[in-house]
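S.K.: Generate coordinates for the sequence data below:
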Amino acid sequence: MGAAKEDKINVIVVGAGPSGLLLALLLAKQGIEVTVLEKSSEYDKQPRASFYSLPAIHEMKRAGIYEEVSERAFHANGVSWRYIDGTRIASIRAGDATPDAKMVSLPLDELIPLIASHLEKQARGKILLSHEVTAIGQDASQAWVDVKCPEGEKRMSASYIVGCDGGSSKIRRELFGSNFPGRTWDQQIVATNVFYPGLAKHGWKTSSNFMIHPDHFPMVAQISNNGMLRVTYGEDGNLTREEMLERQPEKYKAILPGKPEPHEYTIVNFSPYKIHQRLAEKLRVGRFLLAADAAHLCNPFGGMGLTGGLADIGGLYDCLFGIYAGNADDSILDKYDEIRREKYNTIIDPISSSNLRRLWDPENIEKDEFIQMVKRAEHDKEFARSMAAGMGAVMHDFTQYYTHAVPNGA
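M.R.: Residues are numbered from 1 along each chain as shown. The predicted model follows:
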C-alpha cells in the first residue's frame, strides 16, 4: 500500500525561468499549492537557449501548453555542420524525424510569459516577482526561505523548496557554499540575436548550422518566424565585454555567409557568458531540491542544458505528485537525486562536451564518429529516426517507483 495522500503538501519554487515555471504549472494543475519566487522585477530576456527537442516537448504536452508553443514557434527544417567558409559537411533533415522528435524554437522571452500566463490561471499557483531569497532553513516538518520583497522581509515555508534559480543559484550556494564540482572552459561564448536575411540567399538550406573552427566555433540558426537568427560564437576567455563588442563586426564577417558589414544586419541582443560543465554534489538535501541550471551546467552546443533541465522537471514533478497522491513516500526524492545526477554524468556532460570539442577540430571532422552517423542518416531514414529519438535517453520514468498505480487522469 502507498502512503496516505498528503493534502497539505505545498511547494515553493525559486526562480521564474522556463524550468521553474513549468514545474509550478505541472504541480498546480494537479491541485498542489505552489508559489514561484523570482528576485527580478521582470522575466529574463537574455538570448539563451530556444530550441526544444523530444524531452522538452513531452513535458510541454503534459503541462498542456505545447499546442500554443507549436503555433508560435519556428519549426526548424534541419541542422548542418559546415566548414568556416560555409561548405556543408553533413546534415540532418527535420523531415526524417518522427513528429514528436522534431525540434521547435521559441525564444525564452516568449516562452516564459506563455508558461506564466497558464500558471496564473491556476487556483493553486502563484508567481511573486521582486522576491529575493536571502537565507534558507529546514526542520523535520518543513523548509523555509527568508525573502526580501517590496513589502519588507518575511519568511515563507513549504513542504518542499525547489531551486530553479539558474547557474548562480542562491539555493545551491546556501546548501553547498561555493562548491559546484566540474570545470569551466577556457573559451567563452557570445550569444547574439540578429536580423540578417543572408542564409538562404547564400545557399544555406538548413535553418540551423554548426561551423567548424578552433577559434570561432559558431552556431547560426533561425529561431523565430520573423527571421531572427541566433548567432553564437567563441571568444577569448580573457576579453572584457567592451573588447568583445569591438570585435563583433569582424566575427560576423568571418562566420556569416556574405561577410556582411554592420549596416546589413540589426543586432537585438548581445550576451557574453562563461561556459561550464558542472554538477551539484547532491540534488536533494532534506526538503530542498535542485533542478535544471541550479543543479547542473553544460555548454549550449546541442541543447543538452535546456533539454536536461526540463527532463529534471518532468521527473521531479512525478516524484512530488507521487508523494502528494500517496503513491510514494519521500524516499522517491533520493531516486530523483541519484538518477538525475547519473543522467548528467553518463549522457549530458559527455555528449555536450563532445559537441563542443567537435567544432574545434576541422582536421578530423570528416572522420568524427558522430559526423559519420549523420552522413549515414542522410541516406537511411530509419537510422535518421533513431538518431532523432535518441534525445529521449535523458528522460526517466519515476512513476515506476510508485508503490501502486497512478490515479486515472494524473
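S.K.: so Gln187, which of the three states?
M.R.: Going by DSSP: H, G, I helix; E, B strand; the rest coil, the secondary structure assigned to Gln187 is strand.
S.K.: Spit out the contact partners of it.
M.R.: 217, 234-237, 275 (CB atoms under 8 Å, 6 or more residues apart in numbering). Placement of C-beta: from N, CA and C, glycine included.
S.K.: among those residues, which ones are buried?
M.R.: 217, 234-235, 275 (16 or more other CB atoms under 10 Å).
S.K.: Look up phi and psi at the residue nearest in space to the middle of the chain.
M.R.: Centroid check for the chain by CA atoms, centre = their mean gives Leu306 as the closest residue, at 1.4 Å. Main-chain torsions, Leu306, degrees, to the nearest 10: phi -70, psi -40.
S.K.: Wait, it touches Glu59, no?
M.R.: No. At 11.0 Å, Leu306 does not count as touching Glu59 under the criterion of CB atoms under 8 Å.
S.K.: what's in contact with stretch 364-372?
M.R.: 81, 83, 89-90, 212, 354, 358, 361.
S.K.: one more time with 6 Å, if that's ok
M.R.: Here stretch 364-372 makes contact (CB atoms under 6 Å, 6 or more residues apart in numbering) with 90, 212, 358.
S.K.: what does stretch 127-146 give?
M.R.: The contact list for stretch 127-146 (CB under 6 Å, 6+ apart) reads 14, 36-39, 41, 116, 147-150, 155-157, 161, 170, 174, 286-288.
S.K.: With distance to Asp337 and neighbour count as extra columns, can I get the contacts of stretch 364-372 in a markdown table?
M.R.: Listed next are the contacts of stretch 364-372 as a markdown table, based on distance: CB to CB, whole Å; neighbours: other CB atoms under 10 Å:
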| residue | distance to Asp337 | neighbour count |
| --- | --- | --- |
| Ala90 | 38 | 20 |
| Ile212 | 38 | 24 |
| Arg358 | 31 | 20 |
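S.K.: Now render the contacts of Gln187 as TSV, adding pLDDT and secondary structure.
M.R.: Formatted as TSV, the contacts of Gln187 follow (pLDDT from 0 to 100; DSSP: H, G, I helix; E, B strand; the rest coil):
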residue	pLDDT	secondary structure
Phe217	96	coil
Gly234	96	strand
Glu235	94	strand
Asp236	90	coil
Gly237	85	coil
Ile275	92	strand
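S.K.: Looking at the residues you listed, which is nearest Thr266?
M.R.: Thr266 lies nearest to Glu235 out of these, by CB to CB, at 21.0 Å.
S.K.: Touching, that closest one and Thr192? I think so.
M.R.: No. Between Glu235 and Thr192 there is no contact under CB atoms under 6 Å: 11.4 Å.
S.K.: first to last residue in stretch 321-336, what's the distance?
M.R.: With CA to CA, to the nearest Å as the measure, the ends of stretch 321-336 fall 13 Å from one another.
S.K.: do the same with stretch 221-236
M.R.: Across stretch 221-236, first to last residue, CA to CA, it's 22 Å.
S.K.: got the buried residues for that stretch?
M.R.: Residues of stretch 221-236 classed as buried by neighbour count (16+ other CB under 10 Å): 221-224, 228-235.
S.K.: Likewise for stretch 135-142?
M.R.: Buried residues in stretch 135-142, counted by 16+ other CB under 10 Å: 136, 138.
S.K.: Can I get the buried residues of stretch 221-236 in TSV including secondary structure and distance to Gly31?
M.R.: Putting the buried residues of stretch 221-236 into TSV (DSSP: H, G, I helix; E, B strand; the rest coil; distance: CB to CB, whole Å) gives the following:
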residue	secondary structure	distance to Gly31
Ala221	strand	39
Gln222	strand	40
Ile223	coil	35
Ser224	coil	35
Met228	coil	39
Leu229	strand	42
Arg230	strand	38
Val231	strand	44
Thr232	strand	41
Tyr233	strand	46
Gly234	strand	47
Glu235	strand	48
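S.K.: Max pairwise distance over these: which two?
M.R.: Ser224 and Glu235, at 24.4 Å, using CB to CB across the buried residues of stretch 221-236.
S.K.: ok, back up a step: of the buried ones among the contacts of Gln187, which is the nearest to Arg124?
M.R.: Of those, the one sitting nearest to Arg124 (CB to CB) turns out to be Ile275, at 37.4 Å.
S.K.: shouldn't that closest one be in contact with Ala191?
M.R.: No. With contact defined as CB under 6 Å, Ile275 does not reach Ala191; the gap is 10.5 Å.
S.K.: Let's have the contacts of stretch 364-372 in TSV, adding secondary structure and distance to Pro260.
M.R.: Compiled in TSV, the contacts of stretch 364-372 are given as follows (three-state DSSP; distance: CB to CB, whole Å):
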residue	secondary structure	distance to Pro260
Ala90	strand	26
Ile212	strand	21
Arg358	helix	26
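S.K.: Low-confidence bits of the protein, can you list those?
M.R.: Scanning the chain with the threshold set as pLDDT under 70 gives 1-7, 47-49, 97-101, 404-410.
S.K.: can I assume Arg340 sits in a helix?
M.R.: Yes. Under three-state DSSP, Arg340 falls within a helix.
S.K.: Now for it, how many residues are close by?
M.R.: Neighbourhood size, Arg340 [other CB atoms under 10 Å]: 28.
S.K.: Please tell me how far it sits from Ala292.
M.R.: 10 Å (CB to CB, to the nearest Å).
S.K.: Next, show the common contact partners of these two.
M.R.: Common neighbours of Arg340 and Ala292 (criterion: CB under 6 Å, 6+ apart): Asp312.
S.K.: part of a strand, is Pro272?
M.R.: Yes. Counting by three-state DSSP, Pro272 is part of a strand.
S.K.: What sits closest to it if chain neighbours are left out?
M.R.: Take Pro272 and drop its neighbours on the chain: the residue closest to it by CB to CB, 6 or more residues apart in numbering is Val190, 4.8 Å away.
S.K.: now the strands for the stretch 51-200 of the chain?
M.R.: For the stretch 51-200 of the chain, the strands defined by DSSP state E, counting those that start in this stretch occupy 51-52, 74-75, 78-83, 88-93, 104-105, 125-128, 132-138, 143-149, 152-158, 160-163, 182-195.
S.K.: looking at the ones you listed, which is closest to Cys319?
M.R.: From those, taking CB to CB, the stretch that ends up closest is strand 160-163, at 9.5 Å.
S.K.: List the contacts of the closest one.
M.R.: 11-14, 143, 169, 171-172, 287-291, 294.
S.K.: All good on my end, thank you.
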